[in-house]
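S.K.: coords below, sequence missing:
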């Protein structure tokens with residue numbers, strides 16, 4: 001298993017509430033998260049324990065995974081734990097007010113069982129690139145509003 005800890009961040013010219021309204025809405029993920037093609041809300045409210053089932057393509061494979069809200073503080077932080085799927089870990093979204101609007105960060109940590117015995121050094125680069133692309137799409141969506 002490959003243990004990963006990868007993050008990416010960007011500046012978005014918008015208030016944290018405007019960023020969070022897109023970033024924290026699981027039904028909007030297919031618009032900006034490249035690996036997500038569809039979502040199913042298992043639990044509707046964003047609160048600790050609430051679950052969302054996602055389908056998508058990761059590392060060239062069609063996969064389904066479920067996350068549960070581990071921590072939530074609107075509009076600044078959302079941490080999701082993967083409870084069922086190819087990865088055992090967490091995904092954290094952090095939004096902080098900045099001079100130009102918001103500093104937005106995504107961090108993913110855990111063990112990627114779907115990637116087998118590949119060393120982390122070989123997979124962290126592609127994961128970082130995907131996170132950076134996802135943030136660029138999020139930036140376009142939010143700044144267009």
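M.R.: Done, it's in. The structure presented is a predicted model; accordingly, all values stated were derived computationally and were not measured.
S.K.: max-length helix in this structure?
M.R.: Longest helix in the chain by number of residues, with DSSP state H as the criterion: helix 120-144.
S.K.: partner residues bridging the most centrally placed residue in the chain?
M.R.: In the chain, the centroid-proximal residue (CA atoms, centre = their mean) is residue 91; its distance is 5.5 Å. For residue 91, the beta-bridge partners are residue 80, residue 108 (DSSP bridges).
S.K.: wait, isn't it in contact with residue 80?
M.R.: Yes - under the criterion of CB atoms under 8 Å, residue 91 lies in contact with residue 80, with a separation of 4.7 Å. C-betas here are computed from N, CA, C, even on glycine.
S.K.: got any residues that touch both of these two?
M.R.: Taking CB atoms under 8 Å, 6 or more residues apart in numbering as the contact criterion, the common neighbours of residue 91 and residue 80 are residue 67.
S.K.: which stretches of the protein form strands?
M.R.: When secondary structure is read from DSSP state E, the chain shows strands at 2-12, 36-41, 51-58, 61-73, 77-84, 87-98, 101-112.
S.K.: Can I get these in JSON lines including distance to residue 137?
M.R.: Formatted as JSON lines, the strands of the chain follow (distance: least, CB to CB, whole Å):
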{"stretch": "strand 2-12", "distance to residue 137": "11"}
{"stretch": "strand 36-41", "distance to residue 137": "11"}
{"stretch": "strand 51-58", "distance to residue 137": "14"}
{"stretch": "strand 61-73", "distance to residue 137": "19"}
{"stretch": "strand 77-84", "distance to residue 137": "18"}
{"stretch": "strand 87-98", "distance to residue 137": "14"}
{"stretch": "strand 101-112", "distance to residue 137": "12"}
